[in-house]
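*Asks:* missing the sequence, but the structure's below:
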């Protein structure tokens with residue numbers, strides 16, 4: 001996915017917010033979308049870790 005946001009995409013993002021949304025709400029939506037897109041790019045490029053390895057790294061139960 002391109003790092004360049006298109007106006008139509010920006011409009012769709014704003015349009016989905018409720019009428020009483022704040023700037024923080026908009027920033028949260030932008031952050032979530034960016035995080036998902038980066039995660040998908042990492043997955044497609046094979047930059048992933050096994051669940052068991054992540055659990056061990058962070059001391060979580062298996």
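*Replies:* That came through fine. Please read these numbers as outputs of a predicted model, since none were measured by experiment. Numbers count the residues shown, from 1 in each chain.
*Asks:* following the helix or strand containing residue 24, which helix or strand comes up?
*Replies:* Using DSSP states H and E, residue 24 sits within helix 23-44. Later in the chain than helix 23-44, the nearest helix or strand by DSSP H and E is helix 51-57.
*Asks:* what's the angle from the lowest-mean-pLDDT helix or strand in the chain to helix 23-44?
*Replies:* The least trusted helix or strand in the chain, going by mean pLDDT, DSSP states H and E, turns out to be helix 7-15, with a mean of 92. Computed by axes from the mean of the first three to the mean of the last three C-alpha atoms, to 10 degrees, the angle separating helix 7-15 from helix 23-44 equals 130 degrees.
*Asks:* Can you give the contact residues for helix 7-15?
*Replies:* Residues from elsewhere that reach helix 7-15 (C-beta atoms under 8 Å, 6 or more residues apart in numbering): 26, 29, 30, 33. The way it works is simple: take the backbone N, C-alpha and C, and place the C-beta from them, glycine included.
*Asks:* distance of the nearest residue to the last one once chain neighbours are set aside from residue 37?
*Replies:* Same thing as residue 33. Among residues not flanking residue 33 along the chain, residue 13 sits closest, at 7.0 Å (C-beta to C-beta, 6 or more residues apart in numbering). As judged by C-beta to C-beta, to the nearest Å, residue 13 and residue 37 stand 12 Å apart.
*Asks:* likewise residue 53?
*Replies:* 24 Å.
*Asks:* Over to residue 45?
*Replies:* Distance from residue 45 to residue 37, by C-beta to C-beta: 13 Å.
*Asks:* okay, the two: which has more neighbours?
*Replies:* The residue with more neighbours, out of residue 45 and residue 37, is residue 37; 13 against 8, by other C-beta atoms under 10 Å.
*Asks:* Output the below-cut-off pLDDT ranges for the protein.
*Replies:* Residues of the chain meeting the criterion pLDDT under 70: 1-3.
*Asks:* one more time with 90
*Replies:* 1-7, 9, 62 (pLDDT under 90).
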